[in-house]
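Asks: No sequence on hand, only this structure:
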């Protein structure tokens, strides 16, 4: 693992360009996101020069384990799902602070014109400027809250255009002159139906919670309101009348309904059409798929290391494993789950005969033969070992 870290930069560069030539990679879009992974220990690491609050330390947990120390992992992925590179940072690292390093690390790879695609966690002015330097484009999710430009964009009239079965887009402009900003509103009809169903269920549950609350004392109603507002789903749908009675906030529900299935995207590249922007951001799910495979297929966690350099090496080994999975998926044209399930049917058995012991492989199935052919791999030998009987 120490050798891996010593040669990591050159290894990452060599692996990427080798795979890029093999798969003829299209790297005009790079998707970037971060996740966290926690450690089953109560103590955070002591401070070091590189990590003033320790490497394994507490921070915003995307695994919903804020009680445990963690590290932050970043990954850049092509539109085909190929992981270009991964990074590991101390557990209290904020999403908004890593973009400059990520872009600098990839600057020497001569990737040509790149459009970066990120979610709203990276949407700050410094990151926008950093990613747009050198002629790079940017697609980023805008906040869905009450920002002035978000309100203006939502209020603009215009027709939606269908770009996929469940996806519609509408382009709007906010501002005037050189400061005008182009925004794209995406509406996913399937997600809209799901949002409406979830909200209806929350309202039904909240009505049951506050039923009979008018008979409570003012203190009792305040305690009930405090308990309910501690739940994010209920908080925005609950209101109190001037007399302190608890009611469903129908205005907030109608306001939320106006956002069902909608996402606001910003893009700085005028050559990108609204359809390109929407479909480019939609492909950001490739990073989410990568996180699932790292954590569940490749068993990123638990991490049996405590030193920062060994943790980094562990993450890099998982990256290499994910890269092999994606190369196999691209070559075979199927998911790794199906590929692995078919290959797992190939077994090696040891047979005892009158002449001795022999290790024999099961016959290759048509599915296994097709996978090996697409991966350009030879079939394993039918017989591996033979031990004759001694008199």
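Replies: Cool, the structure landed. This one's a predicted model, so the numbers in the text were calculated from it and none came from an experiment.
Asks: Next, the nearest residue to residue 284 once chain neighbours are set aside: secondary structure please.
Replies: Using CB to CB, 6 or more residues apart in numbering and skipping the chain neighbours, the partner closest in space to residue 284 is residue 31 (5.1 Å). In this view, the C-beta of every residue, glycine as well, is placed from N, C-alpha and C. Under DSSP: H, G, I helix; E, B strand; the rest coil, residue 31 falls in the strand class.
Asks: Look up which residues are beta-bridged to residue 31.
Replies: Beta-bridge partners of residue 31, counted by DSSP bridges, are residue 77, residue 117.
Asks: OK, contacts around residue 35?
Replies: Going by CB atoms under 8 Å, 6 or more residues apart in numbering, residue 35 touches 62, 63, 72, 73, 75, 291, 295.
Asks: which secondary structure element contains it?
Replies: Using DSSP states H and E, residue 35 sits in strand 29-38.
Asks: Also residue 52?
Replies: If you go by DSSP H and E, residue 52 is not part of any helix or strand.
Asks: burial measure for it, as a count.
Replies: By the criterion of other CB atoms under 10 Å, residue 52 has 10 neighbours.
Asks: Now do the same contact list for it.
Replies: By CB under 8 Å, 6+ apart, the contact list for residue 52 is empty.
Asks: Which stretches in the chain count as strands?
Replies: For the chain, strands defined by DSSP state E occupy the ranges 29-38, 70-78, 83-90, 115-118, 137-141, 161-162, 167-174, 181-188, 238-240, 246-248, 262-267, 348-353, 356-361, 383-388.
Asks: Output those in a markdown table; the columns should cover distance to residue 12 and mean pLDDT.
Replies: Compiled in a markdown table, the strands of the chain are given as follows (distance: least, CB to CB, whole Å; pLDDT from 0 to 100):
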| stretch | distance to residue 12 | mean pLDDT |
| --- | --- | --- |
| strand 29-38 | 14 | 85 |
| strand 70-78 | 11 | 90 |
| strand 83-90 | 5 | 90 |
| strand 115-118 | 18 | 74 |
| strand 137-141 | 23 | 71 |
| strand 161-162 | 40 | 86 |
| strand 167-174 | 34 | 85 |
| strand 181-188 | 33 | 83 |
| strand 238-240 | 50 | 93 |
| strand 246-248 | 53 | 93 |
| strand 262-267 | 29 | 81 |
| strand 348-353 | 35 | 89 |
| strand 356-361 | 36 | 90 |
| strand 383-388 | 36 | 84 |
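Asks: Of those strands, which is nearest residue 11?
Replies: Closest to residue 11 of the strands of the chain is strand 83-90 (CB to CB; 10.6 Å).
Asks: Give me the residues contacting the closest one.
Replies: By CB under 8 Å, 6+ apart, strand 83-90 touches 12, 16, 27, 30, 50-51, 53-57, 59, 71-78, 98, 101-102, 105-106, 290, 311-312, 315-316, 318-319, 322-323, 326.
Asks: cool, stretch 319-337 as well?
Replies: With CB under 8 Å, 6+ apart as the test, stretch 319-337 has contacts from 15, 19, 22-23, 75, 80-83, 85-86, 290, 293-294, 297-298, 339, 370-371, 374-376.
Asks: The same query, at a cut-off of 7 Å, please.
Replies: By CB atoms under 7 Å, 6 or more residues apart in numbering, the residues outside stretch 319-337 that reach it are 15, 19, 23, 80-83, 86, 290, 293-294, 297-298, 339, 371, 374-375.
Asks: Buried ones among the residues you listed?
Replies: Those of these that meet the buried threshold are 19, 80, 81, 82, 83, 86, 290, 293, 294, 298, 339, 371, by 16 or more other CB atoms under 10 Å.
Asks: Among those, which ones are in helices?
Replies: 19, 290, 339, 371 (DSSP state H).
Asks: Which two of these have the greatest separation?
Replies: Most distant of those, by CB to CB, are 290 and 371, 21.7 Å apart.
Asks: Can you spell out the domain ranges of this structure, please?
Replies: As assigned by automatic domain parsing, the chain contains the domains 2-179+263-332, 191-257, 345-388.
Asks: circling back to that earlier point, and of the ones in helices among the buried ones among the contacts of stretch 319-337, the nearest to residue 348?
Replies: Within those, proximity to residue 348 (CB to CB) peaks at residue 371, which comes in at 17.5 Å.
Asks: ok, which stretches of the stretch 201-350 of the chain are helices?
Replies: Counting by DSSP state H, counting those that start in this stretch, the stretch 201-350 of the chain has helices at residues 218-229, 232-235, 250-257, 274-282, 285-292, 308-332, 336-343.
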